[in-house]
Each structure stands twice: as structure tokens, then as C-alpha cells.
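J.: Sequence and predicted structure are below.
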Amino acid sequence: MRGGTVAVIGGSIAGCAVATAVSRAGAGQVTVLERTGGRLEDRGVGLCVHDERAVELRASGALPAGIAAHPLQRRRWVVRDDAEGADGRLIWQQPFPFHSYHWGLLWRGLRESVPDTVRYRQGETVTAVEPAPIGTGTGAGARAGAGEGARVRLAGGSVEHYDLVVGADGYRSVVRAALSPDSRPHYAGYVCWRGNVDAARLGELRGLGDPVPDAVTTVCFPGGSCVVYRIPGPGGPRVNWVLYAAPPRDGRLRLDDPTSFPPGALPPALAEHLDALLEREFPPYWRRALALTDRADTFVQPIYDLEAARTAGGRLLLTGDAAGVVRPHNTSGAAKALQDATALADGWRRSGSFEELLDGYHRARGAAGRELVALARRLGRAQVERTPAWAAMDRDAMAAWWQGQLDGAPGIGGRAMAP
């Protein structure tokens with residue numbers, strides 16, 4: 001296939017990767033519609049990509065070279081044990097071959113790689129997507145003769161027609177609402193508090209700085225867990241942390257509908273609950289490390305699951321979180337989005353029609369997404385909803401517990417793509 005018009009709804013990590021991929025694969029005109037008018041790179045959260053996935057994605061061109069990343073080698077699981085000292089007691093250590101990224105720096109690298117021929121339009125809110133009436137197709141869509149593309153409605157009232165519309169618009173996707181209206185995010189029953197702090201500030205705690213810069217430390221407590229690890233930052237290394245636990249029972253907090261509490265907007269009930277968890281459950285060193293985080297850099301995300309019944313059809317296609325919301329425990333979100341873009345580009349080059357492209361994409365990426373959702377559910381249940389008696393666990397018990405969560409999966413971070 002050569003030519004055709006493509007709209008990518010959403011211009012963050014998935015959107016930039018898709019725009020680059022389909023443009024290089026042969027699309028005639030690619031337009032990115034991003035609702036945010038400001039600087040997306042201000043999002044300062046951390047994420048990780050498995051080393052093997054990174055090699056694969058760099059080879060495909062989906063992961064540009066030169067983006068700052070911090071190497072990680074191991075994952076440490078610790079519990080509070082006052083007899084063992086301020087760091088807590090190490091109950092298990094496992095290999096962790098990942099690199100960590102700063103969301104904003106990764107996005108910036110992907111954005112800079114988007115070809116100049118792509119129209120990247122910020123401040124464009126898409127309110128609805130719908131099939132175009134028969135006979136209104138243009139470009140490759142009209143020539144193919146089947147399905148005549150799709151229409152995009154913008155907040156200002158205008159309507160635009162494209163041969164293909166790709167949803168890269170996250171867990172509230174308007175493209176998914178059109179393609180798979182019965183597929184909605186389901187609240188998992190717990191939230192994650194997130195934050196990050198300048199790594200240099202760790203020296204304020206005991207003058208030693210970060211004691212384990214090559215590790216992800218998982219602090220374990222009844223009813224939850226917290227991962228802490230280094231990430232690169234625009235102004236130097238930072239310490240990123242994600243704490244999973246049930247929120248306080250406060251009737252004023254509505255979490256059943258997809259939502260989040262951004263930095264600077266943390267409700268008092270959630271801030272107080274976090275403080276109490278740190279005081280009650282954390283080893284002193286890690287409690288003080290997280291407490292260095294400014295409230296303006298702390299936010300909360302309720303955890304959701306979602307499997308879209310269809311990831312492609314009728315000239316609509318879903319990528320990234322729009323196609324499936326995976327709990328973060330699987331450490332696969334960014335890699336999955338870049339794999340989706342790679343699969344779309346590969347399918348574009350192999351296919352003779354949009355119908356063939358969408359059918360092949362759904363078969364390949366629909367199955368991959370369902371597998372990731374299922375694994376992340378098992379991880380969440382074991383690490384938050386039904387935690388073991390952490391303090392009684394030893395190395396062998398932890399290894400068996402971990403394999404039970406994987407249930408035959410090779411590990412976390414996502415699978416290699418099929419050739």
C-alpha cells in the first residue's frame with residue numbers, strides 16, 4: 001500500500017511512534033491530533049523497558065538512539081525489620097535487565113524523530129470518531145472500494161475525513177468508544193501514589209546518596225508494595241517511586257470512573273493516607289527517601305484494567321493504552337506501545353488493502369494485549385490485593401511465589417514480537 005491519509009489521535013509516546021512508523025511505511029499524509037496545547041515533556045514520571053525489547057525496538061526504528069536511559073540490573077525485595085537497621089531486611093533479589101527512562105525525555109526523543117512531513121497539531125480535541133458515509137472516501141480508501149474511511153469530529157465543530165484513524169489516545173480513548181463501545185476501564189480496587197525527587201537529595205539522609213543505584217527496590221508491606229528506582233531527568237538523575245495500596249474509605253473519592261489526581265491536586269485524604277502508610281510500614285531509610293518528594297511532585301492514579309474486544313476494524317485501529325489498559329506491575333506499557341507501532345508499519349508494508357492491514361493487526365496485537373492484561377492482573381493480585389506474609393518469606397518461597405504469578409509467561413516487560 002502506498003498513499004492514503006491517516007489521523008493519529010493522541011500525540012504522546014504511542015502517537016509519535018505510530019506517526020513515524022506509518023509515515024516511513026508509505027502513508028501519503030499523516031496528521032497527529034493532540035488535545036494538549038502545552039508541553040507534554042513536563043510529565044516527569046519514570047518507566048522501564050526490558051533490555052531485550054529495547055534491542056528489538058531500536059532495530060525496528062521504533063526506539064530512537066540517544067535517548068537518556070539508566071541501566072538497572074537487579075530487583076531487591078525488602079521488608080521493615082527494625083532489628084536489621086534503617087534499610088530494612090532483604091528477603092529476595094532477582095535479575096532485572098531493564099533500562100529506566102524519564103517519560104518526558106522519552107517523549108521528546110520520539111517527537112524529534114517524527115518526520116517533518118507529518119502534521120502534528122496541538123490543542124486539537126477530538127470529540128468523536130465515526131465511519132464515513134459510503135461514497136465519501138478519498139485517496140487509497142476510495143481506490144480500495146471497501147469501507148470508505150472514517151470521520152473525526154473536533155471540539156470546534158469541524159469534521160475531517162481520513163482513510164484510517166489510529167487511536168493513540170489512552171485509556172479514555174474516543175476511538176475505542178467508536179470501535180469497541182462496550183470495552184471500558186474496570187477499577188481494580190486500589191491506586192498508586194507516584195512521585196520523584198532529585199537523587200542528590202538522598203545525601204541529606206545519611207550522607208551516602210543512593211545505596212543501590214543499579215537496583216529497583218521493592219518495599220513490601222501487608223496490602224501493598226512500592227517500587228523505587230533511578231531515572232534520568234532533564235536536570236540530572238532522579239529517584240522515581242510508585243506505591244500501590246488500597247485508598248482510604250472516603251465516600252468523597254470517586255474512583256470507579258477513569259480519573260486521576262495530578263500533581264498539585266492531591267486530596268487531603270490521599271495525602272494523609274500516604275503519610276500513615278510510610279510511617280507504619282516502611283523501613284526508616286525508605287520512608288525518609290519518599291518523604292523528600294514535594295507535594296507538587298506527588299500524584300495518584302487509580303489502577304484500571306481494560307481489554308478491547310476489537311483492536312481494529314472499519315478503518316479504525318487502536319494502539320497503546322487505547323487498545324488495552326495494563327496494570328503497571330508488568331513494566332511493559334512503553335514497550336507495548338512501540339511494538340504496536342512496529343506491527344502497524346510491518347503490516348502496512350505487507351498488506352494489499354486497509355482491510356487486510358486491520359485484520360492482520362488485530363490478530364497479532366489483540367492477542368498480545370490480552371496476554372499482558374492477564375499477567376498484570378496476576379501480579380497485582382499477588383503484590384497488592386492478596387499479599388503474602390512477606391516477613392515470613394525466604395528466598396525459595398519468594399522464587400516459587402514469583403513463578404506462580406508468571407504462570408508460564410517468560411517474565412515481565414513483554415514478549416518478543418513474532419517474526
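T.: Sure thing, it's come through.
J.: Grab the nearest non-local neighbour of E124.
T.: L33 (4.3 Å; Cβ to Cβ, 6 or more residues apart in numbering). Where C-beta positions appear, they are placed from N, C-alpha and C, glycine not excepted.
J.: you'd agree that neighbour is in a strand?
T.: Yes - membership of L33 in a strand is supported by DSSP: H, G, I helix; E, B strand; the rest coil.
J.: what sits against it?
T.: Applying Cβ atoms under 8 Å, 6 or more residues apart in numbering to L33 gives the contacts A7, V8, I9, G10, G11, R121, E124, V126, V152, L154.
J.: ok, 6 Å please
T.: I9, R121, E124, V126 (Cβ atoms under 6 Å, 6 or more residues apart in numbering).
J.: Restrict stretch 390-405 to CA atoms and write it as CSV.
T.: Extracted in CSV, the C-alpha atoms of stretch 390-405 (Å, rounded to 0.1, in the frame of the first residue of the first chain):
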residue,chain,number,x,y,z
TRP,A,390,6.2,-11.0,53.4
ALA,A,391,8.2,-11.1,56.6
ALA,A,392,8.0,-14.9,56.8
MET,A,393,9.2,-15.4,53.2
ASP,A,394,12.7,-16.6,52.3
ARG,A,395,14.5,-16.9,49.0
ASP,A,396,13.0,-20.2,48.0
ALA,A,397,9.5,-19.2,49.0
MET,A,398,9.8,-15.9,47.1
ALA,A,399,11.1,-17.6,43.9
ALA,A,400,8.1,-20.0,44.0
TRP,A,401,5.7,-17.2,44.6
TRP,A,402,7.1,-15.3,41.7
GLN,A,403,6.8,-18.2,39.3
GLY,A,404,3.2,-18.7,40.4
GLN,A,405,2.4,-15.2,39.2
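J.: Could you list the buried residues of it?
T.: Residues W390, M393, M398, W401, W402, Q405 are the ones in stretch 390-405 that count as buried (16 or more other Cβ atoms under 10 Å).
J.: give me the element the fifth one is part of.
T.: This means W402. helix 395-406 (DSSP states H and E).
J.: Identify all contacting residues around that helix.
T.: Helix 395-406 is contacted from outside by W92, R378, L379, A382, using Cβ under 6 Å, 6+ apart.
J.: where does A289 land in three-state SS?
T.: helix.
J.: about what we covered before: mind putting the contacts of L33 into a markdown table with secondary structure?
T.: Below are these laid out as a markdown table (three-state DSSP):
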| residue | secondary structure |
| --- | --- |
| I9 | strand |
| R121 | strand |
| E124 | coil |
| V126 | strand |
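J.: G360: which of those is nearest?
T.: Nearest to G360 out of those is I9 (Cβ to Cβ; 21.2 Å).
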